[in-house]
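Peer 1: Next input, structure requested:
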Amino acid sequence: QVQLVETGGGLVQAGGSLRLSCAASGRTYSTYVMGWFRQAPGKEREFVAATTWSGGRTYYTDSVKGRFTISRDNAKNTVYLQMNSLKPEDTAVYYCAADLKPYGSSWVGAYWGQGTQVTVSS
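Peer 2: Numbering: from 1, shown residues only. Purely as a prediction, here's the structure:
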């Protein structure tokens, strides 16, 4: 079992930056693929980024490539999402997820945080 708590959301102007953090608890955290998803109003939840347990491999949805960076610190049981050059279309509730598995052309998570709101104003 893994418990996840996201922090770092907020309101930012277009072109700005935010860093989301996800603190995890659970004995097997370090072995999980970790990731971030987001859900905008009226839309389905979508995959944003994922990282393997070592941090050696990362995956991103096309719309955030070159702007977002996922990283993890297993010693701190924390995964991060650095978001730069934010756009209004990045506005969503961002969810941290653990134990991601490939699912079709995307990913699905087994454990979820409660989400943190990111709002980008134009």
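Peer 1: in the protein, which spans are strands?
Peer 2: 3-7, 10-13, 18-25, 34-39, 46-51, 58-60, 68-73, 78-83, 92-98, 101-103, 106-108, 111-112, 116-121 (DSSP state E).
Peer 1: buried residues in the fourth one?
Peer 2: Spelled out, that is strand 34-39. Judged by neighbour count using 16 or more other CB atoms under 10 Å, the buried positions of strand 34-39 are 34-38. Just so you know, the C-beta spots here come from the backbone N, C-alpha and C atoms, and that holds for glycine as well.
Peer 1: quick one, that strand and strand 46-51 angle?
Peer 2: Between strand 34-39 and strand 46-51, the angle comes out at 170 degrees (axes from the mean of the first three to the mean of the last three CA atoms, to 10 degrees).
Peer 1: what's the closest non-adjacent residue to the residue sitting nearest the centre point of the chain?
Peer 2: Geometric centre of the chain, nearest residue: Trp36, 2.2 Å, by CA atoms, centre = their mean. In space, Trp36 comes closest to Val48 once its chain neighbours are excluded; the distance is 4.4 Å by CB to CB, 6 or more residues apart in numbering.
Peer 1: residue contacts, that neighbour?
Peer 2: By CB atoms under 8 Å, 6 or more residues apart in numbering, the contact set of Val48 is 35-38, 60-61, 64, 68, 81, 94.
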